[in-house]
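S.K.: Pasting the sequence and the predicted coordinates here, then a few questions.
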Amino acid sequence: IKAVAGELQAERNKQARAKNRTDNVAAKRKALRTELAGISKKLESQVAQTVPWELESRLDRVKSLTRDIESGNASEEEGFSRLKSLIAEETKFGDEVAIINSPLTRKNGELINASILRIGNQWMVYSDDNGTVFGALVRKVVDGKVAYEWNEELNLEERAAVKLALDVKQAKKPPQIVKLPVSLSIVGGER
């Protein structure tokens, strides 16, 4: 009976150790899920402060990830993988220079066909098809929140720089360095 009792106690000890290891793994996973959700919320905040280029779809992807992590619909591994992918997408977004021809509503409500040049997640400019109307996106902090507004009152030198930048990007002019009238507002930004 003593031998069986000893074996029974040894088995109970094994089970207790296994339960402790399982509890440790569960606690680590919960802590990891909390950390991933925090990083995802921080990314969401940072994306919300970038230029409004496809902003809704970019924000929706991050918000969806945050929801899935917090609700447990995404495993820790999946959450990490998706977060890594979103960070890579935002990094690429911040590094690329893109141009799109699209309708654009000016500050006065006029709808024009414009060539819009985006330089990373920092700056955007546009020119209409005729090259007569120009604008540059200006970042402002209003009541503690980041807002963007088109500056459509560019001087002659700024308009020429915008036109040259658009022509270079569209391969109408040879590749060259273009001096742009960029002013970046970092006041009130979260890092």
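M.R.: Arrived safely.

S.K.: any weak-confidence spans in this structure?
M.R.: For the chain, applying pLDDT under 70 flags the ranges 183-191.

S.K.: need the contact list for the closest residue to Q176 other than its chain neighbours.
M.R.: In space, and not counting its chain neighbours, Q176 is closest to V168: 6.1 Å by C-beta to C-beta, 6 or more residues apart in numbering. No exception for glycine: its C-beta is placed from N, CA and C like everyone else's. For V168, the contacting residues are 174-176, 178, by C-beta atoms under 8 Å, 6 or more residues apart in numbering.

S.K.: what do you get if the cut-off is 7 Å, keeping everything else the same?
M.R.: 175-176, 178 (C-beta atoms under 7 Å, 6 or more residues apart in numbering).

S.K.: And those residues, which is closest to I39?
M.R.: Closest to I39 out of the contacts of V168 is V178 (36.0 Å), distances taken as C-beta to C-beta.

S.K.: And R139, its phi and psi?
M.R.: Note on R139: its backbone torsions stand at phi -90, psi 130 [degrees, to the nearest 10].

S.K.: right, and it touches Y148 too?
M.R.: Yes. Between R139 and Y148 there is a contact under C-beta atoms under 7 Å: 5.8 Å.

S.K.: Between these two, tell me which one has more neighbours.
M.R.: R139 (20 against 15; other C-beta atoms under 10 Å).

S.K.: ok, that one to V146 distance?
M.R.: For R139, the distance to V146 equals 6 Å [C-beta to C-beta, to the nearest Å].

S.K.: Tell me where the protein has strands.
M.R.: Counting by DSSP state E, the segments of the chain that form strands are 97-105, 111-119, 123-128, 134-142, 145-151.

S.K.: isn't Q170 right next to I99, touching?
M.R.: Yes. Proximity of Q170 to I99 meets the contact threshold set by C-beta under 7 Å, at 6.4 Å.

S.K.: neighbour count winner among the two?
M.R.: I99 (16 against 12).

S.K.: Need the residue closest to the centroid of this structure.
M.R.: Nearest to the mean C-alpha position of the chain, counting by C-alpha atoms, centre = their mean, stands V47 at 3.6 Å.

S.K.: check contacts around that one.
M.R.: Taking C-beta under 7 Å, 6+ apart as the test, what V47 contacts is 58-59, 62, 90.

S.K.: again, only this time at 6 Å
M.R.: 58-59, 62 (C-beta atoms under 6 Å, 6 or more residues apart in numbering).

S.K.: same thing with L154?
M.R.: Going by C-beta under 6 Å, 6+ apart, the list of residues near L154 reads F134.

S.K.: where's it relative to Q170, distance?
M.R.: For L154 relative to Q170 (C-beta to C-beta), the value is 19 Å.

S.K.: do L43 as well
M.R.: The value you get for L43 to Q170, if C-beta to C-beta is used, is 32 Å.
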